[in-house]
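Q: I'd like to go over a predicted model; first the sequence, then the structure.
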Amino acid sequence: MRNGIAVLMTALVLSGCSFAPEYHRPQMELPSAWGEKGEGSGTLAREWWRRFDDETLNGLVERALSRNRNLEESLARVDGARAALGMARADLFPRISAQGSGERTKSSVDASASYDAMKAIGMLEERVNRLEGRSAAPVPSPSCTGTLWSGVVEAAWELDIWGRYRSLAGEARENLLSVQEANAALELSLAGQVCSAYFDVLNYRTQLVLTERTLAVRKHYAALYEIQYAGGAISELDILNARTQVDDLKDSLAQAKTRLDQAEGALLLLTGASPEEIFSGKVTPEKALDALPSAPVLPEGLPSALLERRPDILSAEAALRAAHFQVGTARAAFFPSISLTGSLGTASAALDRLFSGGSGTWSFGAKAGLPIFTFGRTMSGVRQAEAAVREATAAYELAVQQAFSDIRSALSAQKGMAESVMSLEAAAQRMEKAADLARLRYSAGYSPYLDVLEAERTLYASQMELASRRTAQLSAVAQVCVALGGGW
């Protein structure tokens, strides 16, 4: 008994070893500063989309995070990874099971060696009866009937001396972390997509309103020109240009309605709306496009903090740690596996004596297995695991590179769009004045109608472009938040 305990304690001590290589985060050259900062410093909550102060947008993002089908798939993968971790951890402990049985059997004694003598005597009696002229009575085939009741508790435990099962549990744990961070990255991306889709809806709604208003103005002036043309005050060329301008705007209005309808459908799809809602639903914004806040200010601190915040980087790093545990699992396959088994139970021919003093049974044992000739299978497994580490390392480094590329692109777009919006706002104001002056000069007979037509076309084009640039600026703001990991 003492020897058995000593063996068990030794196995438990040895089970502390592991062949998984020690993990070190890959070293990369990171920038020492964010680059150009805004005026002052700012903070941003994790629910970064609330900075736009639009309740309609807040509701759409929250709805998407709770109903989007891509996110549902991701959450299912998280649950699956969590279950896999539970299974891996369970392998570290003994497997204990209980079973009971009851049976009643009938077997022929003729099938056993003890029946040979009885069979010989029966044949001799049959021969004597035949010689004496008596009828031979058939010799019945004896049988044995028995009942057996049993109950047993069994335990089996493969000792994790070389850390194989701990490596599998560590790999499952890191895989769960990787999937959880991938889900967080999907949530972050989804929120950014909803914001961009919402800004598109605002853009097309603004363009629709702008086109309707411009069309109403041109219809008004076209009606005046029709009167002047009827009175011979203007030429046929002028009235044809006026009519063409109205028709062009009617075409632009139809296109604006189509783009708005398509944008609303795309936004509803992102929010997990039902097919009926996608087909016929509408989005009613709370604010106009030009009423949303300006760009955020970058936080103070080193860019290296990005590595601790962006979920896609955290997911890639967890996958890299999981690959290290794969190496430990593969290396442990070179060494023997040792299993302990035991059972404790009871057996009796009568159910009422099943738990009596003389019905107890027990057994215990051990089993060891050692691979001898695997024809390179085990070594190939180690090489495969080491290749997975190199692959995961490259994926992690690419994720870091992609993160800083995303930030650079987002910051550049944010700055460029902000400057563009300022320029277009000033240009639109000037063109509005120019259009008014062109109409006055034409009415007074100082300039041809072509000047009015050109001024109105330029004004309309600049207003439409301004709406698109404001949308791009807001989308760039959202992409900055996404690139920074959703807030700071």
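A: Done, it's in.
Q: other SSEs contacting the longest strand along the chain?
A: Counting residues, the longest strand found in the chain (DSSP state E) is strand 143-159. Helices and strands touching strand 143-159, by 3 or more Cβ pairs under 8 Å, 6 or more residues apart in numbering; DSSP states H and E, are strand 95-108, strand 337-348. The way it works is simple: take the backbone N, C-alpha and C, and place the C-beta from them, glycine included.
Q: if we use 10 Å, what do you get?
A: helix 2-14, strand 95-108, helix 164-230, strand 337-348, strand 360-369 (3 or more Cβ pairs under 10 Å, 6 or more residues apart in numbering; DSSP states H and E).
Q: could you dump these into a markdown table and include distance to His24?
A: Converted to a markdown table, the helices and strands packed on strand 143-159 look like this (distance: least, Cβ to Cβ, whole Å):
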| stretch | distance to His24 |
| --- | --- |
| helix 2-14 | 26 |
| strand 95-108 | 36 |
| helix 164-230 | 15 |
| strand 337-348 | 30 |
| strand 360-369 | 34 |
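Q: isn't Asp436 up against Leu459?
A: Yes - checked against Cβ atoms under 10 Å, the pair Asp436 and Leu459 is within contact range at 9.4 Å.
Q: who has more neighbours, these two?
A: Per other Cβ atoms under 10 Å, whichever of Asp436 and Leu459 has more neighbours is Leu459, with 22 against 12.
Q: about what we covered before: least reliable of the helices and strands packed on strand 143-159 by average pLDDT, please.
A: When the helices and strands packed on strand 143-159 are ranked by mean pLDDT, helix 2-14 comes last with a mean of 49.
Q: list the buried residues in the next helix or strand after that helix.
A: Using DSSP states H and E, the helix or strand that follows helix 2-14 in sequence is helix 55-67. Applying a neighbour-count criterion of 16 or more other Cβ atoms under 10 Å, one finds 56-57, 60-61, 63-65 buried in helix 55-67.
Q: thinking again about what came up before, quickly list what's touching both of Asp436 and Leu459.
A: The contact sets of Asp436 and Leu459 do not overlap (Cβ atoms under 10 Å, 6 or more residues apart in numbering).
Q: grab the nearest non-local neighbour of the spatially most central residue of the chain.
A: Centroid-nearest residue in the chain, with Cα atoms, centre = their mean: Ser74, separated by 3.2 Å. In this structure, Ser74 finds its nearest non-sequential neighbour in Asn183, 4.4 Å apart by Cβ to Cβ, 6 or more residues apart in numbering.
Q: hmm, who's touching stretch 368-383?
A: 19, 158-159, 326-339.
Q: what distance separates it from the centre of its chain?
A: Counting by Cα atoms, centre = their mean, to the nearest Å, stretch 368-383 is centred 35 Å from the centre of its parent chain.
Q: all further residue positions should be reported with the first residue as 43.
A: Fine by me, first position is 43 from now on; the one you just mentioned is stretch 410-425.
Q: endpoint to endpoint, it covers what distance?
A: Terminal residues of stretch 410-425 lie 26 Å apart, using Cα to Cα, to the nearest Å.
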